[in-house]
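J.: Sharing a model prediction with you, sequence too.
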Amino acid sequence: MLVFPNAKLNLGLHITERRPDGFHTLETVMVPLPWCDALEVLPAAETSLALTGRPIPGDPATNLCRRAYELLQADFPQVPPVQLHLHKVVPIGAGLGGGSADAAFALRALNTVLGLGLTGEQLEAYARRLGSDCAFFIRNEPALATGRGDELQPLPLPQLRGAACKVIYPNLHISTAEAYAGVTPQAPRHELRTALAGPIETWRDTVVNDFEDSLAPKYPLLEQLKQQLYVAGAAYASLSGSGSAVFGLWPGQALPPALKLPAEFLVWDGQL
């Protein structure tokens, strides 16, 4: 079975408190972004994971796709071995949720290939054990995320339908730990659901990513890219997640304008 784990964008991100378990309570809206990896799951004589495409740091034995299989195997010891092949396209350390998507799509594909018959709710429960963003990719639809980012409420955003989008990854890896280290939890300046109910053109003043305040002084390039998107006519531009990807939205356009960017930057252009 071949599936294509897609990335996500964050529309606003408020970090409201540090939890006793070491995590943070947050509020954000996540939407699917059709920038995709490729994951193949096949029955095999023994379980293996092949990695191609963009390099993935760390021990392959701890890769989230492999961990997804082991999580299911612990509850269903009768499942046969599988061969996993992940071809990585979505950049890592970009705030696009690529690793979380790979884990969730692995759960979904394994559920089908192994005939486990798990429901969406059951798959979400497994996904939460793999990472805070993972549950979003089970249903893979726009949602308001609260708690650790794994408590989800569907949130239709008709304003986004057909909007042109440009995502820029400036070849800069920002770890989640680094991003959170500079944040001071605070009450949001605007209620996110209410702010996103307005036209995209109003989001610039009301839809805020709290990571920008702490990361922009350390990485001025992020703010420069954001302003470059606004100069190019974007109705809204922001950092996605904890960065370093920056994106812009152009409602009513088929494609965003071309920008002059360094060759080492990765760019995704398309429609949402």
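T.: On my side now, so go ahead. Keep in mind that what you see is a predicted model, and the values were worked out from it rather than measured. Numbers count the residues shown, from 1 in each chain.

J.: Any chance you could spot the residue sitting in the middle of this protein?
T.: Nearest to the geometric centre of the chain sits G97, at 2.5 Å (Cα atoms, centre = their mean).

J.: And the pLDDT for that residue?
T.: For G97, the model assigns a pLDDT of 96.

J.: Next up, the contacts around the nearest residue to it once chain neighbours are set aside.
T.: Spatial nearest neighbour of G97, excluding adjacent residues (Cβ to Cβ, 6 or more residues apart in numbering): K8 at 4.4 Å. C-beta coordinates here come from the backbone N, C-alpha and C atoms, glycine included. Shown in contact with K8 (Cβ atoms under 8 Å, 6 or more residues apart in numbering): M30, V31, P32, L33, L96, G97, A101, D133, F136, F137, S240, G241.

J.: Need the three-state assignment for K8.
T.: strand (DSSP: H, G, I helix; E, B strand; the rest coil).

J.: Tell me the buried residues in the biggest helix by length in the chain?
T.: Using DSSP state H to define each element, the chain has its longest helix at helix 98-113. Residues 98-111 are the ones in helix 98-113 that count as buried (16 or more other Cβ atoms under 10 Å).

J.: would CSV of those residues with distance to A38 be doable?
T.: Formatted as CSV, the buried residues of helix 98-113 follow (distance: Cβ to Cβ, whole Å):
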residue, distance to A38
G98, 12
G99, 14
S100, 16
A101, 11
D102, 10
A103, 15
A104, 15
F105, 10
A106, 12
L107, 16
R108, 14
A109, 11
L110, 16
N111, 18
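
J.: quick one on the thing from earlier: I'd like to know which elements the helix or strand immediately after the longest helix of the chain in the chain is packed against.
T.: Going down the chain from helix 98-113, the next helix or strand is helix 120-130, by DSSP states H and E. Identification of packing neighbours for helix 120-130 by 3 or more Cβ pairs under 8 Å, 6 or more residues apart in numbering; DSSP states H and E yields helix 64-75, helix 98-113, helix 136-139.

J.: low-confidence ranges in the protein?
T.: Within the chain, the ranges that satisfy pLDDT under 70 run 22.

J.: quick one: the strands in it?
T.: 2-3, 6-18, 24-36, 38-43, 48-53, 82-88, 143-146, 151-154, 164-169, 236-239, 246-250, 266-271 (DSSP state E).

J.: Based on its surroundings, how many neighbours for the spatially closest residue to Y230 that is not a sequence neighbour?
T.: Leaving aside its chain neighbours, Y230 sits nearest to A237 (5.5 Å; criterion: Cβ to Cβ, 6+ apart). With neighbours defined by other Cβ atoms under 10 Å, the count for A237 comes to 21.

J.: Tell me if I'm right that L196 and W203 touch.
T.: Yes: between L196 and W203 there is a contact under Cβ atoms under 8 Å: 7.0 Å.

J.: joint contacts of these two?
T.: Listed contacts common to L196 and W203 are L11; contacts here mean Cβ under 8 Å, 6+ apart.
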